[in-house]
Every structure is written in structure tokens, then in C-alpha cells.
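Peer 1: here is the input, now give the coordinates:
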Amino acid sequence: MTARTPGSAAAGPAAAPAPGARSPLRSRTVFAAAHVVADPYADTTPDGPAALDWDATLAFRHHLWSHGLGVAEAMDTAQRGTGLDWPAAAELIRRSGAEARAAGGRLVCGAGTDQITGGSLAAIRAAYEEQLAVVEAAGAQAVLMASRALAAAARGPEEYLDLYGHLLRQAAQPVVLHWLGPMFDPALAGYWGSADPDAATDTLLAVIAAHPGKVDGVKISLLDAPRERALRRRLPPGVRCYTGDDFHYPELIAGDERGFSHALLGIFDPLAPVAAQAVRHIDTGDPAGFRELLDPTVTLARHLFQEPTRHYKTGVVLLAWLAGHQSHFTMVGGLQSARSLPHLHRAHELAAALGLFPDPDLAAHRMRRLLSVYGAEDAFPAPGAGPSRGAGAAKHPGGPA
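Peer 2: Below is the predicted model:
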């Protein structure tokens, strides 16, 4: 475990879950894509090996499980390809697998090709196989992540069909396929062998149809609700659509007369308690209650995921720090600097208005401290505490950093 200075121990869950919160969600399968907590004392560089605070990183997974959510590990939210290198991701998968077994928590993990930067299709296949083996050895379900290397090397849909077919045939259990749009990663433009999203959809569906029983579902992150609805209506029976749409998730999860989406979302990292409570309204036959809880969170989600969308992780980590889940605002790769102070200040305002902070005074104090580091404490309205969702949460007026 990471060495700590006195008083720097990772915080546990900032607010205790409501009674019965560990009961599994019944009506939807919901994963929160979880961020990682950097080791703030590591002497590293933005392009050096990732150094994690393992205690705080794993404690946050237990926070998500405590609310009944599954954890999507080593995904885009964990800074895969933007600071989290493969050795650290592999260790993260192994450790999270052990914690999931101990906690009885549900876990899916990303298997990709980020240990290579390019190469032949054979090299790309070998990279996927290496990561798939690590995920399966950890006892987790695999998410076959979209690959930058494959997007660069493939010359058409046939090569996607061949490579994914090879991986699906050898997977030990059904996997989740991953379609991450270029707004999240510009290197993934033209994925599935075509810049035409209709043609790309046809290729994805052909992969699924050719391997019945091998695909649990599709995570689609295109920020295009009509396209997601159209795709999920074409999926074979038993294949789930996991929304990765951080702009339209309430309506997509609620669904319509022709179906609904499950969820694998980065925005559910900061929204975990609210998201779990909302889905339980669907469980009890109260879809209106689901929308009443979740619709107001979309303004915050759209703010965090505004262009350049790939930097949404900075706001996610900020909110984890403000909520007391970690003792600092430092990210692997130095990406705490990827968003402006006005952006971060507004994220605090929106989250406070939603009552996301178990200790609003602590959150406001930390936001003031951040602004003061940059000499900007007088350039923005004083951060207000806002309402609290954490019943009985301890108060720290002018409290710890």
C-alpha cells in the first residue's frame, strides 16, 4: 500500500448508504465507470509510469458497491490511454477483482490494446489476448474496449469481423463490446471500419450475430440518443444495450414502449447514491420518481462532459475530492490541469445545488483552497455549502484540506 503522511489516510464513503442500499438493483444492470486516485507523493511525470493511491482507489470501489452499483474498472474514466498505463491498469484489475470477490460486488473490466501504440493486426490481436487473460484471471467480465491501434490498422469492416470473431471465440464468458465515439477519443474515428455510423452499426451487429451467446451487451458512447435507440431495437434477444450517453441517460434508462437501456456510465461515478436511488424507483414501478431524481443531474453531466469531452475525468475527480472520497486533487498524467478554474468552480456550484456533498462545508472549504492556490479566491463568488444528502454527516467549518 502507498505510504502516507500523518493525517493523509484515505476517507471512506463520505456518507453511509441508506438502509437496504446494498440490495441489488433489479430492473436495470448499472455499472459506474470508476476513476482512479493518484498517489500525490509519487515523484513522477505526466508521461511517466502511473502511481496510484491504492487505498483510496479501492475504497472508492467499495463506495460504489455499497450503493448496489456494479463497477466498470480500468475504463476510460480510469484514464486508460490518458495517464493510466497498462502495467498500472493490470494491477488495478487484479486488485479490484480481489476486492469484488470479498465484497460480493459486480465487476466488469476493460480489455484493450493500450500496451502497444500500433502494429500489425496480429500484434493487435495478441495485445487484446494478453489483456483479456488478465481480466478473466481476476474473475471479472471483460469489456472489449475500442482500440486506437485497430482503428489505425484496419482497412475495412472485414478486419473488425475477423479480429473480434477470434476474441469472442476464445472468451471464457460473454463479453461487453465497446463503441466509444471520437468525441471521447479522436483516434477512434471511423471505428467498425467506416466513417458512416449506419455502416458501422451494421458491422457491429454482424459481429454479434455471428457469435450467438458470446456477447452480453454493447456499451455505446456516441452521445446520440436516437442512434442508441435504433441500435438497441436491432439487438438480438438477450443482448443488452448499455448506455454510455452522459447527456441523455435518464430518458435512455427509463426507456419507452420498445425497450430501455442498461447503463455503464462515467457520470455515475459522482452520482452513485442518486443513481442507485433513482433506479430503485423503477424497481418499485415508479418511473416518474426515477426521472424526478435523475433529470436534474443532467445539467451537471453536460457541464462535466462539455467539449473537449475527453477531459471530463478532471471534473469527476474534483467532485470526488470535494465529496471527501480522497484527500487531494491530483490526477495521473497531471490532468487536474485539463479544465479551467471557471469550469471547476461551476462544477462545484452545480454539484452543491444537487446536494451531492455529504459534508457541504468541507466541499466549499476545499473549493476555496483550490482557488486560493491560483490567487483566484476573489475572482469568483465565494463557494456556498449548498444542501446535503449525507444525513448526520460531520461538519468541518474551515475544515481539513
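
Peer 1: and the closest residue to Arg258 other than its chain neighbours, how many residues sit next to it?
Peer 2: The shortest distance from Arg258 to any non-neighbouring residue, by C-beta to C-beta, 6 or more residues apart in numbering, is to Arg233 (5.8 Å). All C-beta atoms are positioned from the backbone trio N, CA, C, and that covers glycine. For Arg233, the tally of surrounding residues (other C-beta atoms under 10 Å) stands at 11.

Peer 1: now do the SS call for Arg233.
Peer 2: helix (DSSP: H, G, I helix; E, B strand; the rest coil).

Peer 1: again, but for Ala263
Peer 2: Strictly by three-state DSSP, Ala263 counts as strand.

Peer 1: now do it against Ala32, distance only.
Peer 2: Noted for Ala263: a distance of 8 Å to Ala32, by C-beta to C-beta, to the nearest Å.

Peer 1: find residues that contact each of these two.
Peer 2: Ala275 (C-beta atoms under 8 Å, 6 or more residues apart in numbering).

Peer 1: which parts of the stretch 151-300 of the chain are strands?
Peer 2: Listed in chain order, the strands of the stretch 151-300 of the chain (DSSP state E, counting those that start in this stretch) span 175-180, 215-221, 240-243, 262-265.

Peer 1: Ala111: neighbouring residues, count only.
Peer 2: By the criterion of other C-beta under 10 Å, Ala111 has 29 neighbours.

Peer 1: now do the contacts for it.
Peer 2: Applying C-beta under 8 Å, 6+ apart, the residues near Ala111 are 128, 131-132, 134-135, 142-145.

Peer 1: now Thr82
Peer 2: 310, 313, 333, 335.

Peer 1: can I get stretch 62-75 in CSV? Just the C-alpha atoms.
Peer 2: The C-alpha trace of stretch 62-75 is given here as CSV (Å, rounded to 0.1, in the frame of the first residue of the first chain):
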residue,chain,number,x,y,z
HIS,A,62,-16.4,-0.2,-2.1
HIS,A,63,-18.4,3.1,-2.0
LEU,A,64,-19.9,2.2,-5.4
TRP,A,65,-20.7,-1.3,-4.4
SER,A,66,-22.2,-0.1,-1.1
HIS,A,67,-25.0,1.6,-3.1
GLY,A,68,-25.7,-1.5,-5.1
LEU,A,69,-24.0,-0.4,-8.3
GLY,A,70,-21.6,-2.5,-10.3
VAL,A,71,-18.1,-1.2,-11.0
ALA,A,72,-16.7,-0.8,-14.5
GLU,A,73,-13.0,-1.0,-13.9
ALA,A,74,-10.0,0.2,-16.0
MET,A,75,-12.2,2.0,-18.5
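
Peer 1: and it, how far from the chain's centre?
Peer 2: Distance of stretch 62-75 from its chain centroid, counting by C-alpha atoms, centre = their mean, to the nearest Å, is 10 Å.

Peer 1: again, but for stretch 81-88
Peer 2: With C-alpha atoms, centre = their mean as the basis, the mean position of stretch 81-88 lies at 15 Å from the chain mean.

Peer 1: which secondary structure elements does the strand or helix carrying Leu132 contact?
Peer 2: For Leu132, the host element (DSSP states H and E) is helix 121-137. The contact analysis (3 or more C-beta pairs under 8 Å, 6 or more residues apart in numbering; DSSP states H and E) places helix 121-137 against helix 86-103, strand 107-111, strand 141-144, helix 148-153, helix 157-170.

Peer 1: buried deepest among the ones you listed, which one?
Peer 2: strand 107-111 (a mean of 28; mean count of other C-beta atoms under 10 Å).

Peer 1: distance from that one to the middle of the chain?
Peer 2: For strand 107-111, the distance to the chain centre is 11 Å (C-alpha atoms, centre = their mean).

Peer 1: now stretch 200-210
Peer 2: Relative to where its chain is centred, stretch 200-210 has its mean C-alpha point 25 Å off (C-alpha atoms, centre = their mean).

Peer 1: okay, that stretch in PDB with CA atoms only?
Peer 2: Extracted in PDB, the C-alpha atoms of stretch 200-210 (Å, rounded to 0.1, in the frame of the first residue of the first chain):
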ATOM      1  CA  ALA A 200     -20.500   0.900 -38.600                       C
ATOM      2  CA  THR A 201     -23.700  -0.200 -36.800                       C
ATOM      3  CA  ASP A 202     -24.200  -2.900 -39.400                       C
ATOM      4  CA  THR A 203     -20.700  -4.200 -38.800                       C
ATOM      5  CA  LEU A 204     -21.200  -4.200 -35.000                       C
ATOM      6  CA  LEU A 205     -24.400  -6.100 -35.400                       C
ATOM      7  CA  ALA A 206     -22.800  -8.600 -37.800                       C
ATOM      8  CA  VAL A 207     -20.100  -9.400 -35.200                       C
ATOM      9  CA  ILE A 208     -22.900 -10.100 -32.600                       C
ATOM     10  CA  ALA A 209     -25.000 -12.200 -35.000                       C
ATOM     11  CA  ALA A 210     -22.000 -14.300 -36.000                       C
END
